[in-house]
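# okay, here's the prediction I keep looking at, along with the sequence it came from:
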Amino acid sequence: MNSSLNQQLNQRPLMTAAELKKKLPLPPGVQQRVDQQREQLKSLLAEKDSRFLAIVGPCSVHDREATLDYAQRLAELQERVGDQLLLVMRVYVEKPRTCLGWKGLVTDPQRDGQIDINTGLQSSRQLMLDVIKLGLPVATEALNPHLAGYFDDLVSWYALGARTTESQTHREMASGLPGVIGFKNATDGSIDVAIHAMKAAAAPQVITRINAAGQLVQEAVVGNADSHLVLRGGKSGPNYESASLLKASRELQATGVNSRILVDASHANCGKIAERQVQVLEEVAELLRTGHPVLGIMMESFLRGGNQPLQAGPGTYGQSMTDPCLDWEATQQALLQLAVEVKRAQHQAETA
Ligand SMILES: O=C[C@H](O)[C@H](O)COP(=O)(O)O
Ligand SMILES: C=C(OP(=O)(O)O)C(=O)O
């Protein structure tokens with residue numbers, strides 16, 4: 001299509017995934033590192049590794065410097081808790097909205113409403129690459145199926161979010177994603193949609209997707225069974241207490257999918273009060289002590305606690321422009337305490 005026709009149609013071509021990957025290639029050794037990170041996550045899922053999974057980081061990333069500052073601190077913490085916790089950093093570049101709002105770094109990298117997806121794709125890929133170079137596996141929400149291919153060589157853990165877990169299109173996308181996938185319960189609290197999603201995404205199927213060359217193709221995929229449920233609470237409140245967890249685990253078992261569960265300490269499990277995540281972690285530690293099938297936790301955390309209004313300027317350094325986050329000091333403290341509890345549980349399991 002020529003450019004004047006594009007203008008008439010108000011269309012702007014996007015670079016292909018192959019073009020972006022050529023512009024920002026994986027440096028030597030980085031693909032191997034991502035492969036190792038994915039294998040570590042799969043080992044945890046299969047209980048071949050006794051560590052506890054902790055997916056932590058900002059609700060959304062908007063500022064490169066603050067994100068890498070956070071990543072550096074998390075990488076240092078990983079050194080201290082490496083025998084107990086596997087830390088994975090949230091690098092969420094796409095945001096699902098309940099109605100309307102900023103859709104994340106990919107869509108609106110300057111946060112000024114000037115949608116510039118070509119720039120957003122580059123900034124997002126660069127950020128993920130830099131986080132991996134610091135030694136951390138990357139977690140993100142796979143939201144727009146058209147965009148998954150721009151990051152599919154970088155991400156180790158994907159969320160299928162509460163707003164999309166019931167969508168067939170997203171389940172099809174998930175069936176072709178690499179790494180481990182966490183399926184969240186729906187915003188109304190229902191978990192059956194997430195369990196159905198796990199089963200659907202694990203099945204071999206033929207999907208449509210946009211390939212690296214930008215063509216829409218029909219592709220046969222084997223399915224991805226490396227998945228687990230994420231409990232994030234719902235309309236009626238938190239859903240990680242013992243009875244909910246055990247009920248969900250039984251339903252997972254009956255469906256024949258992985259029955260260990262990740263507890264999202266944020267979202268409806270903390271009523272969007274970021275500080276409450278600390279209490280959720282304490283309660284999860286108790287669940288662990290009493291033998292509940294918990295795989296790990298998720299936390300929304302940034303350098304500075306709370307959140308600030310979305311703005312085009314830099315705003316307060318290291319503070320979320322979407323959901324409120326826990327500050328770094330409290331995050332570090334909560335994770336160190338969790339590591340102590342995991343160590344105790346590991347010792348208990350070894351001596352049982
Ligand atoms: O985690 C992020 C938010 O909860 C999610 O993107 C929905 O945000 P919204 O309800 O403000 O649109
Ligand atoms: C949007 C998110 O979560 P949920 O899908 O649970 O609302 C998130 O983790 O950023």
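All right, it came through fine. Numbering: from 1, shown residues only. Ligands and ions are numbered 1, 2, ... in the order given.
# contacts and neighbour counts: CA atoms only from here.
Will do.
# residue contacts, the residue nearest to Ala265 when sequence neighbours are not counted?
Nearest non-adjacent residue to Ala265, counting by Cα to Cα, 6 or more residues apart in numbering: Gln277, 5.0 Å away. Applying Cα atoms under 8 Å, 6 or more residues apart in numbering to Gln277 gives the contacts Ala265, Ser266, Cys270, Met299, Leu326.
# do the same with Arg304
Tyr317, Gly318, Gln319, Ser320, Cys325, Leu326, Asp327, Trp328.
# Val81 touches Leu336, doesn't it?
Yes. If you go by Cα atoms under 8 Å, Val81 and Leu336 touch, sitting 7.1 Å apart.
# surely Ser259 and Ser249 touch.
Yes. Using Cα under 8 Å, Ser259 makes contact with Ser249 at a distance of 5.0 Å.
# spit out the residues that contact those two alike.
Residues touching both Ser259 and Ser249 (Cα under 8 Å, 6+ apart) are Pro293.
# quick check: Gln110 vs Ser266, distance?
26 Å (Cα to Cα, to the nearest Å).
# higher neighbour count, the two?
Between Gln110 and Ser266, counting by other Cα atoms under 10 Å, Ser266 is the more crowded of the two (30 against 20).
# phi first, then psi, for that one.
Main-chain torsions, Ser266, degrees, to the nearest 10: phi -100, psi -160.
# got it, and Gly135?
The phi and psi values for Gly135, taken as degrees, to the nearest 10, are phi 100, psi 0.
# near ligand 2, which residues of the stretch 51-200 of the chain show up?
Cys59, Pro96, Gly161, Ala162, Arg163 (Cα under 6 Å from any ligand atom).
# can I take it that Glu79 is in a strand?
No. According to DSSP: H, G, I helix; E, B strand; the rest coil, Glu79 belongs to no strand; its state is helix.
# tell me how many other residues surround it.
11.
# what separation do you get for it and Met89?
14 Å.
# also Phe52?
Counting by Cα to Cα, the gap from Phe52 to Met89 is 14 Å.
# and for Asp130?
12 Å.
# these two: which has the busier surroundings?
More crowded of Asp130 and Met89, by other Cα under 10 Å: Met89, with 30 against 16.
# so who does the more buried one touch?
Applying Cα under 8 Å, 6+ apart, the residues contacting Met89 are Ile55, Val56, Gly57, Ala71, Leu74, Leu136, Pro137, Val138, Ala139.
# and these as JSON lines, adding neighbour count, distance to Leu147 and pLDDT?
Listed next are these as JSON lines, based on neighbours: other Cα atoms under 10 Å; distance: Cα to Cα, whole Å; pLDDT from 0 to 100:
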{"residue": "Ile55", "neighbour count": "24", "distance to Leu147": "22", "pLDDT": "98"}
{"residue": "Val56", "neighbour count": "24", "distance to Leu147": "23", "pLDDT": "98"}
{"residue": "Gly57", "neighbour count": "29", "distance to Leu147": "21", "pLDDT": "98"}
{"residue": "Ala71", "neighbour count": "26", "distance to Leu147": "24", "pLDDT": "98"}
{"residue": "Leu74", "neighbour count": "23", "distance to Leu147": "27", "pLDDT": "98"}
{"residue": "Leu136", "neighbour count": "25", "distance to Leu147": "22", "pLDDT": "98"}
{"residue": "Pro137", "neighbour count": "30", "distance to Leu147": "19", "pLDDT": "98"}
{"residue": "Val138", "neighbour count": "27", "distance to Leu147": "16", "pLDDT": "98"}
{"residue": "Ala139", "neighbour count": "25", "distance to Leu147": "15", "pLDDT": "99"}
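# next step: those restricted to helices.
Ala71, Leu74 (DSSP state H).
# can you tell me which two in the contacts of Met89 are farthest apart?
Taking Cα to Cα, the two most distant members of the contacts of Met89 are Leu74 and Ala139; they sit 13.5 Å apart.
# quick one: which helix or strand includes the closest residue to ligand 1 within the stretch 1-150 of the chain?
The stretch 1-150 of the chain approaches ligand 1 most closely through Arg97 (3.4 Å), counting by Cα to the nearest ligand atom. Arg97 belongs to no helix or strand when assigned by DSSP states H and E.
# any idea how far it is from Thr164?
Going from Arg97 to Thr164 by Cα to Cα gives 11 Å.
# more crowded one of those two?
More crowded of Arg97 and Thr164, by other Cα under 10 Å: Thr164, with 24 against 11.
# that one and His170 touch, don't they?
Yes. Using Cα under 8 Å, Thr164 is in contact with His170, at 6.5 Å.
# which neighbours do these two share?
With Cα under 8 Å, 6+ apart, Thr164 and His170 have common neighbours Leu143.
# how about the strands in the stretch 201-350 of the chain?
Ranges of strands within the stretch 201-350 of the chain are 205-210, 216-221, 227-231, 261-264, 294-300, based on DSSP state E, counting those that start in this stretch.
# among those, which comes closest to Ala352?
Set against Ala352 and scored by Cα to Cα, the strands of the stretch 201-350 of the chain come closest in strand 294-300, at 18.4 Å.
# contact partners of the closest one?
Residues from elsewhere that reach strand 294-300 (Cα under 8 Å, 6+ apart): 44-45, 52-59, 260-266, 274, 277, 281, 284, 287-288, 324-326.
# stretch 308-328 near ligand 2 at all?
No. Counting by Cα under 6 Å from any ligand atom, ligand 2 has no neighbours in stretch 308-328; the shortest distance is 8.1 Å.
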